[in-house]
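**Student:** Here is a sequence with its predicted model. Questions after.
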Amino acid sequence: MSTNMKGFEELFLARLEELLAQRHPQLALEVPTSGSRARGPRADFVISNPKTGSAIAGELKGGKQGQHLPFSMLPQLRALREQIRTDHPARGEVVVITTGKVPNLVRDGLNHDGIAILNVSSPEEGAERLNECLDTL
């Protein structure tokens, strides 16, 4: 199934909302809008646990955008990681969910920086794989 980026994002977020309601009602989902960019890079979504102060910020790359993750993306993801760790000092993590291939150089950079990569075939698989990270949030 070919899904463009907007379609991938919408399907992923819809499945993620269902998953949070069913399995993690204590977690809060924030989907920043284009007008909410107060400072620094903006994640596609942030899931937080108000009790623990922990959070996971996610970057979605599906459709044509997911076909290749450029090396130039690393500084943006590093800045996002620093921002989420500043906003959530208890535990702030970043995860990239992509439908495409991740070049070894990019994968090495993300691994070095502690940024998780979930390589998935569909938005539904992305939400299910992210669920494993949410159990410890």
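**Tutor:** That came through, no problem. Numbers count the residues shown, from 1 in each chain.
**Student:** center of the chain, which residue is that?
**Tutor:** residue 58 (1.5 Å; Cα atoms, centre = their mean).
**Student:** Summarise which helices and strands the helix or strand harbouring it is packed against.
**Tutor:** Using DSSP states H and E, residue 58 sits within strand 54-61. Taking 3 or more Cβ pairs under 8 Å, 6 or more residues apart in numbering; DSSP states H and E as contact, the helices and strands that strand 54-61 lies on are helix 5-23, strand 45-49, helix 74-87, strand 91-98, helix 123-134. Bear in mind the C-beta positions are built from the backbone N, C-alpha and C, glycine included.
**Student:** and that strand, what's its mean pLDDT?
**Tutor:** When the per-residue pLDDT values of strand 54-61 are averaged, the result is 94.
**Student:** Can you read off the pLDDT for residue 1?
**Tutor:** Looking at residue 1, its pLDDT reads 45.
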